[in-house]
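Engineer: Next input, structure requested:
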Amino acid sequence: MARVLREKFASQAAPEVLAALRKIAEVQGRQFQAVLDDALREYIDRQQSESPRRHVMTSFATSLEEFDHLYRQLAK
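Structural biologist: Sure, this is the predicted structure:
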């Protein structure tokens, strides 16, 4: 099995959040850091897939302004 590189970092979290993560790790028989890593990855995936990036929305708004007359004709 390939070794996964890890980087240490320091942060803070609400005690109940940490307690819940510790409980999940205990119940699943996993290390706390593995559960935390999964939680962070899921959060990142959700943020990247559910909301359009700012530059995409800016381009969309510009397109609406620029081609409003065309879009209205196509909608008829």
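Engineer: Tell me where the model's unsure across the chain.
Structural biologist: Within the chain, the stretches with pLDDT under 70 are 1-2, 50-52.
Engineer: Let's see that with 90 instead.
Structural biologist: Residue ranges of the chain with pLDDT under 90: 1-6, 44-61, 64, 68, 71-72, 75-76.
Engineer: Going along the chain, name the helices of this protein.
Structural biologist: All helices of the chain, identified by DSSP state H, fall at 15-28, 32-50, 54-75.
Engineer: Neighbours of residue 36, how many?
Structural biologist: 16 (other C-beta atoms under 10 Å). For glycine as for every other residue, the C-beta is placed from the backbone atoms N, C-alpha and C.
Engineer: quick one: contacts for it?
Structural biologist: By C-beta atoms under 8 Å, 6 or more residues apart in numbering, the contact list for residue 36 reads residue 21.
Engineer: can you tell me how far it sits from residue 11?
Structural biologist: In this structure, residue 36 and residue 11 are 10 Å apart, going by C-beta to C-beta, to the nearest Å.
Engineer: Please apply the same query to residue 67.
Structural biologist: According to C-beta to C-beta, residue 67 and residue 11 sit 45 Å apart.
Engineer: Neighbour count for the two, which is higher?
Structural biologist: residue 67 (12 against 4).
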